[in-house]
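Trainee: Pasted the sequence and its predicted model underneath.
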Amino acid sequence: MEDIKKLEEFQAKIDADVKIEPKDWMPEEYRKHLQRQISQHAHSEVIGMQPEGNWISRAPSLRAKVVLLAKIQDEAGHGQYLYSAAETLGKSRDEYIEELQTEKAKYSSIFNYPTLTWADMGAVGWLVDGAAIVNQVSLQRTSYGPYSRAMVRICKEESFHQRQGYEIMAHMAKGTPEQKAMAQDALNRFWWPSIMMFGPHDADSPNTGNAVKWRIKRETNDELRQKFIDKTVGQAEVIGLTIPDPDLKWNEAKGCYDYGKINWDEFWNVVKGNGPCNKQRLKHHIKAHKNGEWVRKAALAYAAKQKEKQLVA
Amino acid sequence: MTTKEALINYCLRIGDTSLILGQRMSEWCSNGPILEEDIAMTNIALDHIGQARTMLTYAGELEGKGRTEDDFAYKRHEREYYNSLLSERPNGHFGDTVARNFLQSAYFYHLYSALSSSKDNMIAAHAAKSLKEVTYHLRHSAEWVVRLGDGTEESKEKIQTSFDEIWEYTGDLFEMNEVDDVLIKEGIAINQTEIKAKWDKTVDEVLVRAKLQRPKDAYMHSGRLNAIHSEYLGHLLAEMQFLPRAYPDAKW
């Protein structure tokens, strides 16, 4: 009885756009949904460091190297605030990391694609961060306070990343024929995976129902995907690159672009672990974590000794 | 040797050491023992590459042949690089990196403290700005030396071995040649023996706090002044310079 009353109060707060804070009562399903979503988001930031990290040592100018390093450092910082936001839901960062490493938690499938050429640094920034921003702008209004505030901060940096990525693409598209070919090839490889980042079509999306009711998600997968496509098509035209979708055309009546059929078999294959880099990404994460174990132990042992000294003194 | 020639070489010594150490530190990205260390190490990489850019750009201006920071970074080969032997040592495990960075950062800290009053305005300004950054690098690496030295048995053994193994590359930091003679006379550079005395003090203090043994000074490798390096540098440069070398007509 009391739970029903609490649930009603909770829903009333959500409907009135009052943020839910860590100490507030919340239905267990809401908590679980957020734990899953925020930790998945944090893991994505952290795993996302790998495909871009792949090019730091080979960045073609010192300026490009600094920009890329700063960007990846921002991603690590985003991972850090997102883990903190996720920890407010009563699970530690270590527990979340264990879920990632034991494949109980997922991260964005886009990072299971390899970065093969320097132009991929452009494509990742422009398309992957571009898609992420559309989603994150919407999440700034999400109902859970700590997640919403993390998103406000992250969005500021992401829009900067997207411009950097676009700058690399624009630069290469007007460079030598080889550079232009590299840029087009990167767009060809990253376009479809980027629009798949928004997840399955609304009709096939099992998690959308409650997430919308609880205002965790403010817009549906298809709405967000459409926004991304509509803003990106023009950007490609400006720099003379072609989006690899022959069915892409402006629909005057709907006021947006129609696009071709998405290959969901590929999407589910990558989600299930068969993408080009799934195993590599996870292995890398586990290896770094394992290699650092003695360092973390030493830091804890040192801190314990210091504490003991203070107590004695 | 003219003052200008000497100064160009001096800028390359500082700039190359910063660049190579920055490149090494950037290899840690996504490999750190905790996320916070990934952030700290990329931060240090960023500082070093930033310092390198200033010094390489200045070398180009002094030379007056239109060479840019990227021309220096990407179009010189192993035998034209003047970085310290210490900076090019591979990262190894976290303790190896900490030991290397600590020894190099202690050097930079005292070098930049002294060069802040260089008679060359550009060097003085660069030193003053970089001093703030290397003060943090020194603190960061020294804190880790202490934590690892006074942490667990395993960490103590590991970091002690790291120091023992890398020690023979520290002598190279303090060697001098005609370049130093010319610049010291002009009040532009500092006598390396002065830096060495201060460096010794800093290193000793931290090793004592960390309960570690200072390795004995035995044979010291040298090479920096004559651009003679270990085999590691060639691989580092091959990777770093790949794109501009493969596509010489492209602008990035």
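Mentor: Sure, I can see it. Computed from a predicted structure; not experimentally measured. Numbering: from 1, shown residues only, chains lettered A, B, ... in the order given.
Trainee: tally of neighbours for residue B:67?
Mentor: Using other C-beta atoms under 10 Å in any protein chain shown, residue B:67 has 16 other residues around it. C-beta here means a position set from N, CA and C on the backbone, and glycine is covered the same way.
Trainee: Can you tell me the SS state at it?
Mentor: Secondary structure state of residue B:67, per DSSP: H, G, I helix; E, B strand; the rest coil, is coil.
Trainee: What's the separation between it and chain A?
Mentor: 13 Å (C-beta to the nearest C-beta, to the nearest Å).
Trainee: Model confidence at the nearest residue to that residue once chain neighbours are set aside, what's the number?
Mentor: Nearest residue to residue B:67, sequence neighbours excluded (C-beta to C-beta, 6 or more residues apart in numbering or on different chains): residue B:60, at 4.3 Å. Per-residue pLDDT puts residue B:60 at 98.
Trainee: if I look at residue B:60, how far off is chain A?
Mentor: 12 Å.
Trainee: quick one: contacts for that residue?
Mentor: B:66-69, B:71-72 (C-beta atoms under 8 Å, 6 or more residues apart in numbering or on different chains).
Trainee: which SS state does it fall under?
Mentor: Applying three-state DSSP: residue B:60 is helix.
Trainee: Drop anything exposed from the contacts of residue B:60.
Mentor: Taking 16 or more other C-beta atoms under 10 Å in any protein chain shown as the criterion, what is buried in the contacts of residue B:60 is B:67-69, B:71-72.
Trainee: hang on, residue A:173 packs against residue A:181?
Mentor: No: contact criterion C-beta atoms under 8 Å: residue A:173 and residue A:181 do not qualify, at 9.9 Å.
Trainee: what pLDDT does residue A:118 get?
Mentor: 98.
Trainee: need the contact list for it.
Mentor: Neighbouring residues of residue A:118 by C-beta under 8 Å, 6+ apart: A:55, A:58-60, A:168, A:172, A:182, B:243, B:252.
Trainee: export those residues to CSV and tack on secondary structure?
Mentor: Listed next are these as CSV, based on three-state DSSP:
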residue, secondary structure
A:55, coil
A:58, helix
A:59, coil
A:60, coil
A:168, helix
A:172, helix
A:182, helix
B:243, helix
B:252, coil
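Trainee: Scan those residues and report the most crowded one.
Mentor: Of all those, the highest neighbour tally under other C-beta under 10 Å goes to residue A:172, namely 28 neighbours.
Trainee: So it sits against residue A:119, correct?
Mentor: Yes: when contacts are counted by C-beta under 8 Å, residue A:172 is listed as touching residue A:119 (5.4 Å).
Trainee: out of the buried ones among the contacts of residue B:60, what pair is the most spread apart?
Mentor: Spatially, the most separated pair among the buried ones among the contacts of residue B:60 is B:67 and B:69, at 8.6 Å (C-beta to C-beta).
Trainee: ok, back up a step: of residue A:173 and residue A:181, give the one with the bigger neighbour count.
Mentor: The residue with more neighbours, out of residue A:173 and residue A:181, is residue A:173; 21 against 15, by other C-beta under 10 Å.
Trainee: ok, that one - contacts?
Mentor: Neighbouring residues of residue A:173 by C-beta under 8 Å, 6+ apart: A:179-180, A:183-184, A:239-241.
Trainee: Report pLDDT for it.
Mentor: Reported pLDDT at residue A:173 in the predicted model: 97.
Trainee: Ok, the one 10 residues further on next?
Mentor: On pLDDT, residue A:183 comes in at 98.
Trainee: Check which helix or strand it maps to.
Mentor: helix A:177-196 (DSSP states H and E).
Trainee: which residues make contact with that helix from outside it?
Mentor: Here helix A:177-196 has contacts from A:109-110, A:113, A:116-120, A:122-124, A:127-128, A:130-131, A:169, A:172-174, A:225, A:228-229, A:236, A:239-245, A:259, A:262-264, A:266-267, A:270, B:247, B:250, using C-beta under 8 Å, 6+ apart.
Trainee: what's the offset of that helix from the middle of its chain?
Mentor: The chain centre lies 19 Å from the centre of helix A:177-196; the measure is C-alpha atoms, centre = their mean, to the nearest Å.
Trainee: And for residue B:100, nearest residue in space, chain neighbours not counted?
Mentor: Nearest non-adjacent residue to residue B:100, counting by C-beta to C-beta, 6+ apart: residue B:89, 5.2 Å away.
Trainee: List, one by one, the residues from the stretch 201-313 of chain A near chain B.
Mentor: A:284-285, A:288-289, A:291-299, A:301-302, A:305 (C-beta under 8 Å from any C-beta of the partner chain).
Trainee: show me what contacts residue A:88?
Mentor: When contacts are counted by C-beta under 8 Å, 6+ apart, residue A:88 touches A:22, A:146.
Trainee: With the one 3 residues further on instead?
Mentor: If a contact means C-beta under 8 Å, 6+ apart, then residue A:91 has A:35, A:39 as its contacts.
Trainee: For it, give me phi and psi.
Mentor: Taking degrees, to the nearest 10, you get phi -140, psi 140 for the backbone angles of residue A:91.
Trainee: Nearest to chain A: which residue in the stretch 51-200 of chain B?
Mentor: As assessed by C-beta to the nearest C-beta, chain A sits closest to residue B:151 within the stretch 51-200 of chain B, at 2.8 Å.
Trainee: Tell me, what's the model's pLDDT at that residue?
Mentor: pLDDT, residue B:151: 98.
Trainee: Pick out the lowest-pLDDT one from the contacts of residue A:118.
Mentor: Among those, residue B:252 carries the lowest pLDDT, at 88.
Trainee: Backbone dihedrals for the residue nearest to it when sequence neighbours are not counted, please?
Mentor: Leaving aside its sequence neighbours, residue B:252 sits nearest to residue A:60 (C-beta to C-beta, 6+ apart; 3.8 Å). Note on residue A:60: its backbone torsions stand at phi -80, psi 0 [degrees, to the nearest 10].
Trainee: same check, this time on residue A:148
Mentor: Phi and psi for residue A:148, reported as degrees, to the nearest 10, are phi -60, psi -40.
Trainee: burial measure for it, as a count.
Mentor: 18.
Trainee: List the residues that contact it.
Mentor: Shown in contact with residue A:148 (C-beta under 8 Å, 6+ apart): A:19, A:139-142.
Trainee: Fine by me, thanks again.
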